[in-house]
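> compute the structure for the input listed below.
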Amino acid sequence: MAKLGEVCDILNGFAFKSEQYVEDGIRIIRIANVQKGYIEDSAPVFYPIDSKDAKKYILEEDDMLMSLTGNVGRVARLSKEFLPAALNQRVACLRIKDGVALDKAFLFNLLNSDYFEQQCIAASKGVAQKNMSTEWLKEYEIPIFSMGQQKAIASVLDKVTKLIALRKEQLSNLDELVKSRFIELFGDPIINPKSWETAPLSALILNANNGMARRGKDTDGSIVLRLVELQNGFIDYSAPNRISLNETEKKRYELVNNDFLFARVNGNPDYVGRCAVFKGIGEPVFHNDHIIRVHFDETKLNGCFTSVLLNSDYGKRQMREQIKTSAGQYTISQDGIGAIMAILPPMELQNQFAAFVEQTDKSKLAVLASLEKLETLKKSLMQQYFG
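Numbers count the residues shown, from 1 in each chain. Model prediction:
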């Protein structure tokens, strides 16, 4: 075993001032950039290239960066494409010391293990926001193997990680395929180039209701959907919540095929209005009061078509216009949903699109099954190598 502070130089960042940001120069790596396993750089910020402060905290290729506040213990490896870059406050940099027999890929995989992240969280202080000390980090002990063993372990984990990334890319490509097919058949609904008839959803809703205001967890109960299960375009049944319901609740809140579900409330406005069409799964399913259930006129709207429409940029823009805020919570009402405008292509075309999506979903299921196996394998290997 060896302490991280013995094998790595552990550096703290600088409090760069946002008012001094410029359009181009030295990239400032902030906590938001450090995700688990990668650098997120969709909104980069820069400091002047001649800044003395930035030059004191300049980073190098393959530096390992760690979040010290908020989601503590996330680790990313800095690649050449992000240079020149400097280290912001509350981000730590781990740099293997000269002469130390420690493989960078091995260390990166070790620091990205769930076990290490859990240790970081446990060692952090704060309730509303976690804060981790670099002094604790310096004392943290890691297993040391021979260089040959380190490289072998890193090689296995890197191969599994690349396969996982490939599966995720395949899923993303399938999603893009569906979006492209939608535009091909219907055009961009924002400009409606094919001049489809439009109508507010209120004119297409046959019935609607909020879910039950009751919580609980019973092993032998019925599935009651929560916000966490309702995702953009699909319902996640991997860890369903079950509650023992009375007959009145079952009658009032049971979902039927082609019901449409909307996220009614959340502390994050981006999550309000998430929606998906419900398809029967072979046992009764119900919904709680954070979800609005709507049933559309199926002679005018295909559920699959509607799901893609409302989860598109067009649908999300319409949704945002109807969101209200109060006491830190964002909500959408049944009236707000009813105010959203929908394009109404011929049902024949909607059904044709739905058939295409169904075939694409079969491919997605196969990829998802492979992805799940790979992620389980990686967790098992991480456990085996790092505890």
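> any idea how many residues pack against Asn207?
Applying the criterion other C-beta atoms under 10 Å, we find 9 residues in the vicinity of Asn207. Glycine gets a C-beta too; all of them are placed from N, C-alpha and C.
> check which helix or strand the residue lying closest to it once chain neighbours are set aside maps to.
When the adjacent residues along the chain are set aside, Asn207 lies closest to His295, with 5.3 Å between them (C-beta to C-beta, 6 or more residues apart in numbering). With secondary structure defined by DSSP states H and E, His295 is part of strand 291-296.
> what's that strand packed up against?
For strand 291-296, the contact count by 3 or more C-beta pairs under 8 Å, 6 or more residues apart in numbering; DSSP states H and E identifies strand 205-210, strand 260-263, helix 334-338 as packing neighbours.
> ok, now with 10 Å
Applying 3 or more C-beta pairs under 10 Å, 6 or more residues apart in numbering; DSSP states H and E, we find strand 291-296 packed against strand 205-210, strand 222-225, strand 260-263, strand 275-277, helix 303-310, helix 334-338.
> now do the buried residues in the first one.
This points to strand 205-210. 205, 208, 210 (16 or more other C-beta atoms under 10 Å).
> pLDDT wise, what is Pro143 at?
In this model, Pro143 is scored at 88, pLDDT.
> same check, this time on Lys194
96.
> do the same with the one 5 residues further on
According to the predicted model, the pLDDT of Ala199 comes to 96.
> is it fair to say it lies in a strand?
Yes - under DSSP: H, G, I helix; E, B strand; the rest coil, Ala199 falls within a strand.
> my guess is it meets Ile343, correct?
Yes - Ala199 is within contact range of Ile343, at 8.7 Å (criterion: C-beta atoms under 10 Å).
> neighbour-wise, which of these two wins?
Under the criterion of other C-beta under 10 Å, the comparison of Ala199 against Ile343 puts Ile343 first, with 17 against 14.
> need the helices for the protein, in chain order.
4-7, 52-56, 104-111, 114-123, 134-139, 147-186, 247-253, 303-310, 313-322, 334-338, 347-386 (DSSP state H).
> so the residue nearest in space to the middle of the chain bridges to which residues?
Geometric centre of the chain, nearest residue: Gln231, 10.2 Å, by C-alpha atoms, centre = their mean. Assessed by DSSP bridges, Gln231 has beta-bridge partners Phe234.
> check the gap between the residue lying farthest from the centre of the chain and Glu6 for me.
Centroid-distance maximum for the chain: Gly99 at 39.2 Å, with C-alpha atoms, centre = their mean. According to C-beta to C-beta, to the nearest Å, Gly99 and Glu6 sit 12 Å apart.
> what of Glu375?
Glu375 is 32 Å from Glu6, by C-beta to C-beta.
> which ones are touching the closest residue to Val91 other than its chain neighbours?
Closest residue to Val91 apart from its sequence neighbours, by C-beta to C-beta, 6+ apart: Gly13 at 4.9 Å. Counting by C-beta atoms under 10 Å, 6 or more residues apart in numbering, Gly13 touches 28-31, 57, 59, 65, 68, 86-93.
> phi, psi for Trp196 please.
phi -70, psi 150 (degrees, to the nearest 10).
> and the gap between it and Phe46?
44 Å.
> with neighbour numbers in mind, choose between the two.
Neighbour count, other C-beta under 10 Å: between Trp196 and Phe46, Phe46 has more, with 20 against 15.
> I figured the more buried one was touching Ser18, is that so?
No - with contacts counted by C-beta under 10 Å, Phe46 stays clear of Ser18, the gap being 11.3 Å.
> shared neighbours, these two?
Contact criterion C-beta under 10 Å, 6+ apart; residues bridging Phe46 and Ser18 by contacting each: Ile28.
> residues in contact with the closest residue to Phe14 other than its chain neighbours?
Nearest non-adjacent residue to Phe14, counting by C-beta to C-beta, 6+ apart: Tyr57, 4.7 Å away. Taking C-beta under 10 Å, 6+ apart as the criterion, Tyr57 is in contact with 11-14, 16, 26, 28-29, 47, 51, 85-89, 91, 93.
> mind giving me the ChimeraX select for those, buried ones only?
Typed into ChimeraX, the line below selects the buried ones among the contacts of Tyr57, using 16+ other C-beta under 10 Å:
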select :11,13,14,16,26,28,29,47,51,85,86,87,88,91,93
